[in-house]
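Chemist: Got a predicted structure here, sequence first:
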Protein chains: 2
Amino acid sequence: MANLSPTFSPLYQQIKSLILQALEAGEWAPGQAIPSEQDLAVRFGVSQGTVRKAVDELSAENILLRRQGKGTFVASHHDPRASFRFLRLVPLAGGAGQPKSFPLECWRARAGQEASKNLHVALGSPIIIIRRLLKFDVKPVVVDEIYLPGEMFQGLTLEILQEWEGSLYSLFETRFGLRMIRASERIRAVAAERQVAELLGVAEYTPLLSVERVAYTYGDKPVEWRRGLYSTAEHFYLNELS
Amino acid sequence: MANLSPTFSPLYQQIKSLILQALEAGEWAPGQAIPSEQDLAVRFGVSQGTVRKAVDELSAENILLRRQGKGTFVASHHDPRASFRFLRLVPLAGGAGQPKSFPLECWRARAGQEASKNLHVALGSPIIIIRRLLKFDVKPVVVDEIYLPGEMFQGLTLEILQEWEGSLYSLFETRFGLRMIRASERIRAVAAERQVAELLGVAEYTPLLSVERVAYTYGDKPVEWRRGLYSTAEHFYLNELS
DNA sequence: CAGTGGTCTAGACCACATG
DNA sequence: ATGTGGTCTAGACCACTGC
């Protein structure tokens, strides 16, 4: 005789929301352990199994990370295993490890139609634009143009970008407290314009992958919009389907 | 004092394997219901919770499909909801529903280097090659060249392909008893050659997405290798990352 | 109404990491 | 030895479907 159920929501879903709220509020820092399942069960007044199911889902979404015997940790882009977690580019001929980022420019502007729509900010509001190069070994492979809401990234400069060792998202995390949770990419094929062609060391009009990405933090809030142009002469974009 | 554990495998994993074996052996047909969790628990001599965890994973892998109140069903490409399940192409401007397949050619050949490697068949063994067009509404958007191991697809002809209503994989399922479980795609950008350009109604050298796919059935056995050329004038390839 | 999947609990025990 | 996540059980009850 409980729950007359047009509004039925399982307990573990509610627990999941509570954990997400705690994460969003910064109660536990990225890379650090959250309380044990037992402790959470007591805190939320449910059984351990129910907490477990909530954590299971968050873990499947790469928001938490379980390590048997050690604990459950807040996923972090600072973790080398998760660096470039969203980059699906793979060298054709095995080899080559981590790519390296080379920021070229960083300037302020005002949001146009597209930026406004993708970042959910008002038309004309301040944004930051970054241009950068991604290299595998010494080979330039990607040119990115990255759009950020100015409000969230106050004080960001080219120098900060250039001095940072590691992925862009780990910088976002450490320096601006923003954790990228998921992203959505739209891929098309385009011809290289002259400037891009020069940066990538390919001929003008060479076909390139255009990868537009919107990246989100908690609550499906968009934080970054970028457009990458990928040279697929010696790399490909790998996607596993199931 | 059980399981001295270099070889530890949880019970539910073993149950999962047993269910997969039954599926592979054709004990339950695609689209049909498998026994209830209770029945399976009895059959395998474990608790319902353990069966449940096994089914949970198979369901997450899109191999089974749960429907509350009705039962658990074998996933089928014949199901309209799963038609073109692996096709990530989306119209730029909303609209347009299901694509439609237009087989153009179908002939026999012998496996070359690439086909041999991708399909795990011997060099020179018989293969079938299909060329087809995919249209959204009346617009041609994809040209596919599809390579199949001849042994598995005896009797396949252009007529059969052309008469078939529905996706290619639902034909594989119904007519050859082959169920595609997962696939892996490698995407690059290429320039349209003349013949392809004509088929797609674009200019020669237009940048296209080259999508190479290997599709697998049970036991990670490759069954199909295809190369699609996608026109991204009015469509894009959508990929969700997490 | 009966049958199915879905949730929740409480408790026992196992595997892994660390001191 | 202790604490953590991981597995397994048995049983109760809820929500959904269809007869």
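Modeler: On my side now, so go ahead. Numbers count the residues shown, from 1 in each chain, chains lettered A, B, ... in the order given.
Chemist: Please make it C-alpha for all contacts and neighbour counts, starting now.
Modeler: Will do.
Chemist: Not counting sequence-adjacent ones, nearest residue to whatever residue of chain A ends up closest to DNA strand C?
Modeler: Residue of chain A nearest DNA strand C, by C-alpha to the nearest atom of the strand: residue A:11 (2.8 Å). The spatial neighbour of residue A:11 that comes closest, neighbours along the chain excluded (C-alpha to C-alpha, 6 or more residues apart in numbering or on different chains), is residue A:50 at 7.3 Å.
Chemist: Can you list phi and psi of the spatially most central residue of chain A for me?
Modeler: Closest to where the C-alpha atoms of chain A average out (C-alpha atoms, centre = their mean) is residue A:180, at 3.8 Å. Backbone dihedrals for residue A:180, given as degrees, to the nearest 10, come out at phi -80, psi 120.
Chemist: does it really touch residue A:217, like I thought?
Modeler: Yes - applying C-alpha atoms under 8 Å as the test, residue A:180 and residue A:217 come out as touching, 4.7 Å apart.
Chemist: intersection of neighbour lists for these two?
Modeler: Taking C-alpha atoms under 8 Å, 6 or more residues apart in numbering or on different chains as the criterion, residue A:180 and residue A:217 both touch residue A:223.
Chemist: Tell me, domain by domain, which residues of chain A belong where.
Modeler: Per automatic domain parsing, the domain ranges recorded for chain A read A:11-74, A:81-237.
Chemist: what's the first-to-last distance across the first one?
Modeler: The straight-line separation of the ends of domain A:11-74 (C-alpha to C-alpha, to the nearest Å) is 22 Å.
Chemist: Spell out which parts of chain A neighbour DNA strand C.
Modeler: A:9-13, A:45-50, A:67-70 (C-alpha under 7 Å from any atom of the strand).
Chemist: swap the cut-off to 6 Å and go again
Modeler: By C-alpha under 6 Å from any atom of the strand, the residues of chain A that approach DNA strand C are A:10, A:11, A:12, A:46, A:47, A:49, A:50, A:68, A:69, A:70.
Chemist: Count the residues that sit near the third one.
Modeler: A count of neighbours around residue A:12, defined by other C-alpha atoms under 10 Å in any protein chain shown, yields 19.
Chemist: do the same with the fifth one
Modeler: Counted by other C-alpha under 10 Å, the residues lying close to residue A:47 total 14.
Chemist: Surely it and residue A:40 touch.
Modeler: No - the criterion here is C-alpha under 8 Å, and residue A:47 misses it with residue A:40 at 9.1 Å.
Chemist: What segments of chain A are helices?
Modeler: Applying DSSP state H to chain A gives helices spanning A:11-24, A:37-44, A:48-60, A:113-119, A:158-163, A:168-176, A:194-200.
Chemist: For the ones you listed, could you give me JSON lines that also reports distance to residue B:165?
Modeler: Formatted as JSON lines, the helices of chain A follow (distance: least, C-alpha to C-alpha, whole Å):
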{"stretch": "helix A:11-24", "distance to residue B:165": "41"}
{"stretch": "helix A:37-44", "distance to residue B:165": "51"}
{"stretch": "helix A:48-60", "distance to residue B:165": "37"}
{"stretch": "helix A:113-119", "distance to residue B:165": "38"}
{"stretch": "helix A:158-163", "distance to residue B:165": "54"}
{"stretch": "helix A:168-176", "distance to residue B:165": "46"}
{"stretch": "helix A:194-200", "distance to residue B:165": "44"}
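Chemist: closest one to DNA strand D among these?
Modeler: Among the helices of chain A, helix A:37-44 comes nearest to DNA strand D, with 4.0 Å by C-alpha to the nearest atom of the strand.
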